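Participant: this is a predicted model, with the sequence first.
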Amino acid sequence: MKLLSEERKGFEHIFKVQVEYDFLSQKVSEKLISLTKKVHIHGFRLGKVPFSLLQKKYGNSILSEVIENVLSDSSKKILERKKIPNVIDIRCEIISSIRQKPLLFNVYVHTFPDFNTDCLYKKEILQPEVSLNNNHVNMVIQNILNEHALWNIVERAISLNDLVTIEHTCFSNDKKSN
């Protein structure tokens, strides 16, 4: 595997990679040789199938499998070498024909945004001061009463299940307190 170029567009890293045809051919040959001992084709004894027949029958599917493995291994090696953090997704795209040429493909690595959180800890958060007086509280209570309650104000003695407003004054040590 040879890394030809590297490009970054926002949260996407694009790597152009080249794998020599000889490497792919060697891997295909190794797989075919291991198959000769396992494959049984009518008219041939086990382990005696000619290499050329296996190559004709299984060559393309084995080449596809080898390419898939090369793409996966190359992607892993790129991530290890470049130490790219926060990876979301990896996608490979073949950009050249693979017969008698080097295999060229792009590896697209999508990442989460990288940002520094130190600035979040250096900020001072100020709590606003709020001052309320009895008029504010009474006004809010009156608004809630008007919006949600089904009260009928009456001038009579209290009955069972009545909702009652009780006005009171508190004293502490013979002094009136609010």
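Facilitator: Perfect, I can see it now.
Participant: tell me which strands and helices the host helix or strand of Tyr121 is in contact with?
Facilitator: Assigned by DSSP states H and E, Tyr121 belongs to helix 118-122. The criterion is 3 or more C-beta pairs under 8 Å, 6 or more residues apart in numbering; DSSP states H and E, and there are no helices or strands that helix 118-122 contacts. For the C-beta atoms, the positions are set from N, CA and C on the backbone; glycine is no exception.
Participant: tell me the average confidence for the next helix or strand after it?
Facilitator: Using DSSP H and E, the helix or strand that directly follows helix 118-122 along the chain is helix 134-148. Mean pLDDT, helix 134-148: 85.
Participant: ok now helix 134-148, how far from the chain's centre?
Facilitator: Distance of helix 134-148 from the chain centroid (C-alpha atoms, centre = their mean, to the nearest Å) equals 48 Å.
Participant: now the element after it, going C-ward?
Facilitator: Moving toward the C-terminus from helix 134-148, the next element (DSSP H and E) is strand 170-172.
Participant: what's that following strand packed up against?
Facilitator: Secondary elements touching strand 170-172 (3+ C-beta pairs under 8 Å, 6+ apart): strand 175-177.
Participant: 7 Å instead, please
Facilitator: Helices and strands touching strand 170-172, as assessed by 3 or more C-beta pairs under 7 Å, 6 or more residues apart in numbering; DSSP states H and E, are absent.
Participant: in its sheet, which strands sit next to that strand, and in what direction?
Facilitator: Strands that pair with strand 170-172, judged by DSSP bridges, come out as strand 175-177 (antiparallel).
Participant: average pLDDT across the partner strand?
Facilitator: Strand 175-177 shows a mean pLDDT of 72.
Participant: over to stretch 21-34?
Facilitator: Mean predicted lDDT for stretch 21-34 stands at 88.
Participant: same thing with stretch 110-122?
Facilitator: Throughout stretch 110-122, pLDDT has a mean value of 76.
Participant: ditto for stretch 89-107
Facilitator: Average pLDDT, stretch 89-107: 83.
Participant: having no further points to raise, I will conclude here.
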